[in-house]
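Student: For reference, the sequence and a predicted model appear below.
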Amino acid sequence: MRGEFVRLGPAWLSLREHADYPPAVRTLLGEAVVASVLLASTLKFEGELTLQLQGNGAVRLLVAQCTHDFKVRAVARFDAARVSMDETTMPFAALAGEGTIAVTVEADKRAARYQGVVPIDGVSLAASLEHYFANSEQLPTRLALAADAAGAAGVLVQRMPQAGGAQSGGASADAAAAESARETLAWDTYAAAGAALDSLAADELLARPSEELMRRTFTGLDLRLFAAQAVEFRCRCDRDRVSAVLRSLGAAEVDSIIREQGAVTVTCEFCHKPWRFDAVDTAELFGEAASHVPASSALN
Ligand SMILES: [Zn+2]
């Protein structure tokens with residue numbers, strides 16, 4: 001079996017520094033960010049993993065992204081009328097509703113893109129993602145996720161594909177029996193690890209010192225712990241990407257905004273950075289001659 005443990009503190013705080021989420025939405029967002037890190041830990045190339053939840057619940061859209069080197073960003077769009085700022089918890093089914101969860105993996109340097117989509121499972125985000133692993137990756141996987149205002153944490157346990165399969169050669173009844181016993185033991189161990197995750201309380205997951213948490217949770221297992229890697233918040237927005245968005249709107253649409261407001265400002269949904277394009281910028285964008293730029297320079 002392989003496992004991953006993620007706990008975010010400062011990265012989780014800076015990720016939502018400019019956003020004011022109701023506590024229930026914040027919890028789901030934190031769980032999704034942790035899940036994106038757990039999933040990205042399996043990336044075998046430079047790129048980015050995107051977890052996207054889209055449903056008809058109070059949260060209409062949630063996007064959490066993590067790169068191969070663990071830079072995270074995330075955003076949630078929610079219906080303010082359906083989720084109160086005072087409610088600390090809300091059933092997952094009411095938050096997410098019915099819809100889909102898509103996991104997309106994109107490589108930086110080559111045109112490799114993979115997407116797996118599963119229906120939202122009304123029980124929890126963790127349960128939905130367990131279906132994703134079962135369907136898309138065909139790897140039995142268990143997850144535990146938790147988040148609060150100060151932190152977000154999660155554990156993933158995965159049954160590895162069998163190494164090598166049965167020893168050939170002898171093909172004796174003894175070898176087959178030994179192999180079958182080994183399989184049974186592996187499944188029992190996996191089930192025990194899953195049960196341990198089920199009994200793991202959110203506050204423990206969020207606060208107990210990591211090594212102690214792992215040893216207490218998976219007590220009785222031969223546990224090997226590896227060095228930790230840092231996860232940080234970093235947005236990947238840049239002027240080129242915003243330019244592409246404006247180009248896709250078309251010159252007419254952008255020009256009309258410029259005429260009304262003097263400039264087009266596109267605010268990044270992830271980090272809330274405002275990208276401002278004035279008449280000169282947009283003229284450049286659409287490759288227009290400078291003479292087409294309105295003569296007035298009093299545009300602000
Ligand atoms: Zn940004």
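Tutor: Sure, I can see it. These numbers come from a predicted model, not from an experiment.

Student: longest helix anywhere in the chain?
Tutor: Using DSSP state H to define each element, the chain has its longest helix at helix 173-198.

Student: list the helices and strands that helix packs on?
Tutor: strand 141-147, strand 152-158 (3 or more C-beta pairs under 8 Å, 6 or more residues apart in numbering; DSSP states H and E). Where C-beta positions appear, they are placed from N, C-alpha and C, glycine not excepted.

Student: Can you say which helix or strand has the spatially most central residue of the chain in it?
Tutor: Against the mean C-alpha coordinate of the chain, by C-alpha atoms, centre = their mean, the closest residue is Ser36 at 2.9 Å. In this structure, Ser36 sits in helix 23-40 according to DSSP states H and E.

Student: in a helix, that's where Leu13 is, yeah?
Tutor: Yes: Leu13 sits within a helix when classified using DSSP: H, G, I helix; E, B strand; the rest coil.

Student: hang on, the earlier thing: the inter-axis angle of the longest helix of the chain versus strand 152-158?
Tutor: On the basis of axes from the mean of the first three to the mean of the last three C-alpha atoms, to 10 degrees, helix 173-198 is oriented at 170 degrees to strand 152-158.

Student: After helix 173-198, which helix or strand is next?
Tutor: As assigned by DSSP H and E, the chain's next helix or strand after helix 173-198 is helix 202-207.

Student: near the ion, which residues of the chain show up?
Tutor: In this structure, the chain approaches the ion at residues Cys235, Cys237, Cys268, Phe270, Cys271, Lys273, judged by C-beta under 5 Å from the ion.

Student: Among the residues you listed, which one has the most neighbours?
Tutor: Within those, most neighbours by other C-beta atoms under 10 Å means Phe270, with 20 neighbours.

Student: got the contact list for the nearest residue in space to that one that is not next to it in sequence?
Tutor: Spatially, and ignoring its direct neighbours in sequence, Phe270 is nearest to Arg73 (4.4 Å; C-beta to C-beta, 6 or more residues apart in numbering). By C-beta atoms under 8 Å, 6 or more residues apart in numbering, the contact list for Arg73 reads Leu15, Ala64, Gln65, Phe233, Arg234, Cys235, Arg236, Phe270, Cys271.

Student: Using pLDDT, spot the least trustworthy of these.
Tutor: Among the contacts of Arg73, Arg236 carries the lowest pLDDT, at 90.

Student: Assign it to helix, strand or coil.
Tutor: From three-state DSSP, the assignment for Arg236 is coil.

Student: I'd like the distance between it and Glu212.
Tutor: Using C-beta to C-beta, to the nearest Å, one gets 35 Å for the distance from Arg236 to Glu212.

Student: quick one, which of these two is more surrounded?
Tutor: Taking neighbours as other C-beta under 10 Å, Arg236 and Glu212 compare with Arg236 leading, 13 against 10.

Student: what about the residue nearest to Phe270, helix or strand, and which?
Tutor: strand 71-78.

Student: CA atoms of the helix or strand following that strand as PDB?
Tutor: Next along the chain after strand 71-78, taking DSSP H and E as the criterion, comes helix 92-96. Presented in PDB, the C-alpha positions along helix 92-96 are these (Å, rounded to 0.1, in the frame of the first residue of the first chain):
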ATOM      1  CA  PHE A  92     -22.400  17.600   1.700                       C
ATOM      2  CA  ALA A  93     -25.500  16.700  -0.300                       C
ATOM      3  CA  ALA A  94     -26.900  20.200   0.200                       C
ATOM      4  CA  LEU A  95     -23.600  21.900  -0.600                       C
ATOM      5  CA  ALA A  96     -22.700  20.000  -3.700                       C
END
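
Student: Find the residue closest to Cys235 in space, skipping its chain neighbours.
Tutor: Spatial nearest neighbour of Cys235, chain neighbours left out: Cys271 (3.8 Å); criterion: C-beta to C-beta, 6+ apart.

Student: can you tell me which residues contact that neighbour?
Tutor: Going by C-beta under 8 Å, 6+ apart, Cys271 touches His18, Arg73, Cys235, Cys237.

Student: can you list those residues in CSV and add distance to Asp188?
Tutor: Shown next, in CSV, are the contacts of Cys271 (distance: C-beta to C-beta, whole Å):
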residue, distance to Asp188
His18, 48
Arg73, 40
Cys235, 44
Cys237, 48
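
Student: The residue nearest to the centre of the chain and Thr219, how far apart?
Tutor: According to C-beta to C-beta, Ser36 stands 29 Å off from Thr219.

Student: what stretches of the chain score poorly on pLDDT?
Tutor: Where the chain drops to pLDDT under 70, the residues are 163-171, 288-300.

Student: change it to 80
Tutor: Along the chain, segments meeting pLDDT under 80 span 110-111, 161-171, 288-300.
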